[in-house]
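Colleague: got a predicted structure here, sequence first:
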Amino acid sequence: MIFVLTIIAFLTLATAAVALALRNLIHSALLLTVSWSGIAAFYLWAGAEFVAFAQILIYVGAISMVVLFAVLLTRRSRDDFAIAPESVGRAVSALIAGGAVLGVLFGAVVSTRLPDPPTSAPVVTVRRLGLQLMSPHAAALLVVGALLTVALLGAVVLAATARRDATEDAG
């Protein structure tokens with residue numbers, strides 16, 4: 001059982017690391033989708049089926065499509081991404097700061113004492129989660145959906161406006 005968890009964790013972390021290392025944004029977005037699928041597999045392994053399916057629907061389905069649309073609609077030329085000489089020092093500083101934060105987080109995790117596990121886990125069914133989501137939290141769910149839709153439409157409008165301005169300047 002631990003072997004399966006190790007494979008899921010390795011594949012999830014490996015695809016996320018490769019997504020960070022690639023320069024092609026579309027390939028990175030697709031690898032993030034695979035990484036999010038690995039997180040859903042971890043949830044399935046842990047017995048949280050509802051969360052796993054929500055992960056697949058929301059991250060693998062919706063957010064990955066939003067990321068791909070945003071990348072495709074706001075593509076810039078390679079000249080816009082040239083690294084300035086003064087930004088190399090900033091990158092080194094960022095790596096040092098990131099390493100320091102990682103060290104502090106690692107130290108905090110290692111020094112934390114885990115509580116004793118509970119004798120029995122609470123029983124939460126998918127039906128109860130669905131009733132909670134669609135009864136008292138229905139308004140919040142609708143607001144989040146509307147907010148994501150408005151954000152996507154705003155990105156499309158901004159990308160179309162920038163592209164139209166660039167076309168007018170060239171012509």
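Modeller: On my side now, so go ahead. Numbers count the residues shown, from 1 in each chain.
Colleague: list the buried residues in stretch 117-132.
Modeller: Residues of stretch 117-132 classed as buried by neighbour count (16 or more other CB atoms under 10 Å): none. (Glycine included, C-beta is placed from N, CA and C.)
Colleague: ok, and what's touching that stretch?
Modeller: Contact partners of stretch 117-132, identified using CB atoms under 8 Å, 6 or more residues apart in numbering, comprise Glu49, Phe50.
Colleague: show the end-to-end separation of that stretch, please.
Modeller: Terminal residues of stretch 117-132 are spaced 26 Å apart (CA to CA, to the nearest Å).
Colleague: can you spell out which helices and strands pack onto the helix or strand hosting Phe10?
Modeller: Element membership of Phe10, judged by DSSP states H and E, is helix 2-21. Counting contacts by 3 or more CB pairs under 8 Å, 6 or more residues apart in numbering; DSSP states H and E, helix 2-21 is packed against helix 25-46.
Colleague: quick one: list the elements packing against the helix or strand following the helix it packs on.
Modeller: Remark: after helix 25-46, the chain's next helix or strand is helix 49-55, criterion DSSP H and E. In this structure, helix 49-55 packs against helix 25-46, helix 126-134, with contacts taken as 3+ CB pairs under 8 Å, 6+ apart.
Colleague: any idea which of those scores lowest on pLDDT?
Modeller: Among the helices and strands packed on helix 49-55, helix 126-134 has the lowest mean pLDDT, at a mean of 81.
Colleague: and that one, how far out from the chain middle?
Modeller: Taking CA atoms, centre = their mean, to the nearest Å, one finds the center of helix 126-134 at 24 Å from the center of the full chain.
Colleague: how about stretch 128-140?
Modeller: Its chain's C-alpha centre and that of stretch 128-140 lie 24 Å apart, by CA atoms, centre = their mean.
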